[in-house]
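Visitor: have a look at this fold, sequence not included:
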């Protein structure tokens, strides 16, 4: 299937079901991530460790921005301006 091929109603429905399944997986992963973030945050509050880890955040964004993932941000995307 190429971008210039028209989809049948059945093909479109299959793709929509795939998107629904992907969305469900993303929501599950975000929920799992939030649980881990909460545990880390509680630990940092108890130990007095800084809540933000800017170098790690930059590294994560750089991976996303520079294609070490399955997708990259659009050309011209400026990213996030860091003040730290």
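Guide: It's in. Nothing here was measured: the structure is a model prediction, and the numbers come from that model.
Visitor: next SSE downstream of the biggest helix by length in the chain?
Guide: Ranked by number of residues, the top helix in the chain under DSSP state H is helix 9-47. Remark: after helix 9-47, the chain's next helix or strand is helix 54-65, criterion DSSP states H and E.
Visitor: mind checking how far residue 36 is from residue 9?
Guide: To residue 9, residue 36 is 41 Å away according to Cβ to Cβ, to the nearest Å. From N, CA and C alone the C-beta is placed, and that goes for glycine too.
Visitor: what's around residue 58, how many residues?
Guide: 14 (other Cβ atoms under 10 Å).
Visitor: hang on, the earlier thing: show me which positions of the longest helix of the chain end up buried.
Guide: Counting neighbours by 16 or more other Cβ atoms under 10 Å, one finds that helix 9-47 has no buried residues.
Visitor: do the same with stretch 54-61
Guide: Under 16+ other Cβ under 10 Å, stretch 54-61 has no buried positions.
Visitor: that one: how far from the chain's middle?
Guide: Counting by Cα atoms, centre = their mean, to the nearest Å, stretch 54-61 is centred 13 Å from the centre of its parent chain.
Visitor: same check, this time on stretch 50-57
Guide: Distance, centroid of stretch 50-57 to centroid of chain: 17 Å (Cα atoms, centre = their mean).
Visitor: next: stretch 31-40.
Guide: 14 Å.
Visitor: quick check, pLDDT for residue 81.
Guide: On pLDDT, residue 81 comes in at 60.
Visitor: also residue 57?
Guide: 88.
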